[in-house]
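Novice: Give me a model of this one.
(one chain, ligands or ions: 2)
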Amino acid sequence: MPASIDVVFTPDLLPFSDLTGKTVVVADILRATTTITFAVANGATAITPVLTPDDAFRLAADQPNTLIGGERGGMKVDGFDLGNSPREYTETVVSGWQIVLTTTNGTRTLQACRAAERVLVGSFLNLRAIVNRLAQAEGELVFACSGREGGFCTEDTVFAGACVAALAETQLTDAAEAAKILYQEHCEDLLGMLKNCYHGRSLASIGLGEDLEFCAQMDLVDVVPHLVDGRIIV
Ligand SMILES: O=C(O)[C@H](CS(=O)(=O)O)OP(=O)(O)O
Ligand SMILES: [Mg+2]
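Specialist: Numbering: from 1, shown residues only. Ligands and ions are numbered 1, 2, ... in the order given. Just a heads-up that it's a prediction; the model follows:
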């Protein structure tokens, strides 16, 4: 069991946390870490998070068997193979392919956590698998919420709180305690929480409401994606 748990609400707060030697779980429920989880569960060989579309085009140009995915403003970038909807990342589409991914919030958070000892990728889709892995971890555990354009978001914090609630008997920071309370407020209706939160309403307004139902699914897959040398693998 981890010795302590902290929750960092936005990537802008990460520079104030020394991640050295710690286990970090990155959360971007809407939608990057849900998409990554589903893609690797469906056989994507690796996912490389990058900051910009230009970085993505440059990196993919050097590598065979590579798809480029991600969004800006929630929509697929011109010239990309895939957007940031997890529903696009089916076995038929991604099995055997590596993916270069850039999104507004999630890939930025993944990049910001590289100093950590280990970086895991969490979502409701693999919550049970993440909790089982963390129950065997020692040392300090940090949940890095991706938030939205530097601000707080409910859905990532609720996910962190769900994990905190499952990891009993661990010392919690005030932020981890607050995340647990927010989860307890929403645990009976995760889909309702996704439909009501700012990001969920914004995705629905651009025709991506079906993603909310997808991202609310609990324990759909049994994988723990993790970052190794800048690439996410299982
Ligand atoms: O694609 C998403 O859902 C968001 C984009 S935005 O914040 O809605 O513009 O990106 P993510 O990095 O997955 O939060
Ligand atoms: Mg997000």
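Novice: buried sites along stretch 194-212?
Specialist: 194-195, 197, 199-200, 203, 208, 211-212 (16 or more other Cβ atoms under 10 Å). Just so you know, the C-beta spots here come from the backbone N, C-alpha and C atoms, and that holds for glycine as well.
Novice: again, but for stretch 70-79
Specialist: Quick answer for stretch 70-79 (16+ other Cβ under 10 Å): 70-72, 74, 76-77.
Novice: Am I right that residue 93 falls within a helix?
Specialist: Yes: remark: residue 93 belongs to a helix, assigned using DSSP: H, G, I helix; E, B strand; the rest coil.
Novice: which non-adjacent residue is nearest it?
Specialist: In this structure, residue 93 finds its nearest non-sequential neighbour in residue 82, 7.3 Å apart by Cβ to Cβ, 6 or more residues apart in numbering.
Novice: State the helix or strand in which the residue nearest the centre of the chain lies.
Specialist: In the chain, the centroid-proximal residue (Cα atoms, centre = their mean) is residue 33; its distance is 2.6 Å. Using DSSP states H and E, residue 33 sits in helix 32-41.
Novice: what comes into contact with the next helix or strand after that helix?
Specialist: Reading on from helix 32-41 to the C-terminus, the next helix or strand found by DSSP H and E is strand 46-49. Applying Cβ atoms under 8 Å, 6 or more residues apart in numbering, the contact partners of strand 46-49 are 32, 36, 39-40, 59, 98-102, 106-107, 110-111, 225, 230-233.
Novice: C-terminal to strand 46-49, what's the next element?
Specialist: Per DSSP H and E, the helix or strand that comes after strand 46-49 is helix 53-61.
Novice: and the next helix or strand after that next one with ligand 1, contact?
Specialist: Later in the chain than helix 53-61, the nearest helix or strand by DSSP H and E is strand 66-72. Yes: judged by Cβ under 6 Å from any ligand atom, strand 66-72 comes into contact with ligand 1 through residue 71.
Novice: what's the next secondary structure element after strand 66-72?
Specialist: Taking DSSP H and E, what comes next after strand 66-72 is strand 75-76.
Novice: can you tell me the average pLDDT over that following strand?
Specialist: Strand 75-76 comes out with an average pLDDT of 98.
Novice: in its sheet, what does that strand sit against?
Specialist: Applying DSSP bridges, strand 75-76 is found paired with strand 66-72 (antiparallel).
Novice: quick revisit: contacting residues around the helix holding residue 33?
Specialist: 26-28, 47, 49, 69, 84-86, 89, 94, 99, 101, 103, 105-107, 110, 121-126, 146, 214-215, 220-223, 225, 232-234.
Novice: got it, and stretch 177-188?
Specialist: The contact list for stretch 177-188 (Cβ under 8 Å, 6+ apart) reads 7, 143, 154, 157-162, 164-165, 172, 192-193.
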